[in-house]
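1. Could you look at this predicted model? Sequence included:
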Amino acid sequence: MTALVERGAPRDFRDIHTLCQAGLTTPQQCWQLSRQRQELAGSDTDSTRARLAVETHLTRIALHRPLAQIADPQQRAGAEQVRTWFTEEFLNALS
């Protein structure tokens, strides 16, 4: 979660998505663990900032690699699935 919020590389999004899809965690648990880590570290626990960071990273990725420019149909479908899941499920799990 720290990598997702701070760096926001495509692999960070894929990692979280894979963990959730495998049933190893849920979006709610990811956000809770992130909050707990920030509290223990004495860092900013502002969920609004974390959400904005993830949204910004998603936007940057979409601008840098638009779905229409992904030639391989499987890669394009996978990228679209991950982006949609983050927008519709992951970000909405933040309470």
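-> On my side now, so go ahead. Numbering: from 1, shown residues only.
2. Past the helix-or-strand element of the chain with minimal mean pLDDT, which element shows up next along the chain?
-> Scoring the helices and strands of the chain by mean pLDDT, DSSP states H and E places helix 27-41 at the bottom, with a mean of 90. Going down the chain from helix 27-41, the next helix or strand is helix 47-64, by DSSP states H and E.
3. could you give the angle of that next one to helix 27-41?
-> Using axes from the mean of the first three to the mean of the last three C-alpha atoms, to 10 degrees, one finds that helix 47-64 and helix 27-41 are set 120 degrees apart in direction.
4. Pull out the buried positions in helix 47-64.
-> 50-51, 54, 57-58, 61 (16 or more other C-beta atoms under 10 Å). Just so you know, the C-beta spots here come from the backbone N, C-alpha and C atoms, and that holds for glycine as well.
5. Name the member of these with the shortest distance to T84.
-> Lowest distance from T84 to these (C-beta to C-beta) belongs to L58, with 10.3 Å.
6. Isn't that closest one up against T87?
-> Yes. Under the criterion of C-beta atoms under 8 Å, L58 makes contact with T87 at 6.9 Å.
7. Quick one: mean pLDDT for stretch 79-95?
-> Across stretch 79-95, pLDDT averages out at 94.
8. Same check on stretch 52-68?
-> pLDDT averaged over stretch 52-68 gives 96.
9. excluding its backbone neighbours, what's nearest the residue nearest the centre of the chain?
-> With distances taken as C-alpha atoms, centre = their mean, the residue of the chain nearest its centroid is F13 (4.4 Å). Closest residue to F13 apart from its sequence neighbours, by C-beta to C-beta, 6 or more residues apart in numbering: V82 at 5.6 Å.
10. Hmm, that neighbour is touching D15, no?
-> No. Here V82 lies out of contact with D15, judged by C-beta under 8 Å, at a distance of 10.3 Å.
11. Looking at these two, which one has more neighbours?
-> Ranked by neighbour count (other C-beta atoms under 10 Å), V82 and D15 place V82 first, with 20 against 14.
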